[in-house]
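**Student:** I would like to see how this sequence folds:
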Amino acid sequence: AVLASFPTWQTVALVVQGDDYGLTAKDALVEALSGNGITVQQEFNVKSPEDYYPTVLALKKSKLRLFVTFLYQDVLHDLLSDAAAVGITSPNHVWVGGDDTIPARYFNFIKPSGVQDIPDL
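**Tutor:** A predicted model of the protein is given here:
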């Protein structure tokens, strides 16, 4: 619902853990996003470290700016390291985490004034 309130955030890439943890959540995420008018343009199932760099290259090539993830924290850590290396953690890109945290050290951002906590969906 929060994402749908931003009209330019209507198309996303979804990156999920390629096991029962992520694949179970994927269908629910797609349904929740589409139910709020958000199109999942690309989906990636990350199964091993060999998937991280090709995934972030595909994300960069997609020209999308909003990435929704549902990954284990250690996988997200490594994926974001690769994402930073290819330049898709800038202020022009938004990463939304699943039920884990996204470490801020990967992002090149300016904290806008007046930012408030976003409620849980």
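
**Student:** now the helices for this structure?
**Tutor:** 20-35, 52-62, 73-85 (DSSP state H).

**Student:** Among those, show me which one is buried the most.
**Tutor:** Compared across the helices of the chain, helix 73-85 shows the largest average neighbour count, a mean of 18 (mean count of other CB atoms under 10 Å). No exception for glycine: its C-beta is placed from N, CA and C like everyone else's.

**Student:** packing partners for that one?
**Tutor:** On a contact count with 3 or more CB pairs under 8 Å, 6 or more residues apart in numbering; DSSP states H and E, helix 73-85 meets helix 52-62.

**Student:** So what touches the helix it packs on?
**Tutor:** Here helix 52-62 makes contact (CB atoms under 8 Å, 6 or more residues apart in numbering) with 13, 15, 41-42, 44, 46, 67, 75, 78-79, 82-83, 85-88.

**Student:** same thing but 10 Å
**Tutor:** Residues outside helix 52-62 that contact it (CB atoms under 10 Å, 6 or more residues apart in numbering) are 11, 13, 15, 41-42, 44-46, 64-65, 67, 75-76, 78-89, 93.
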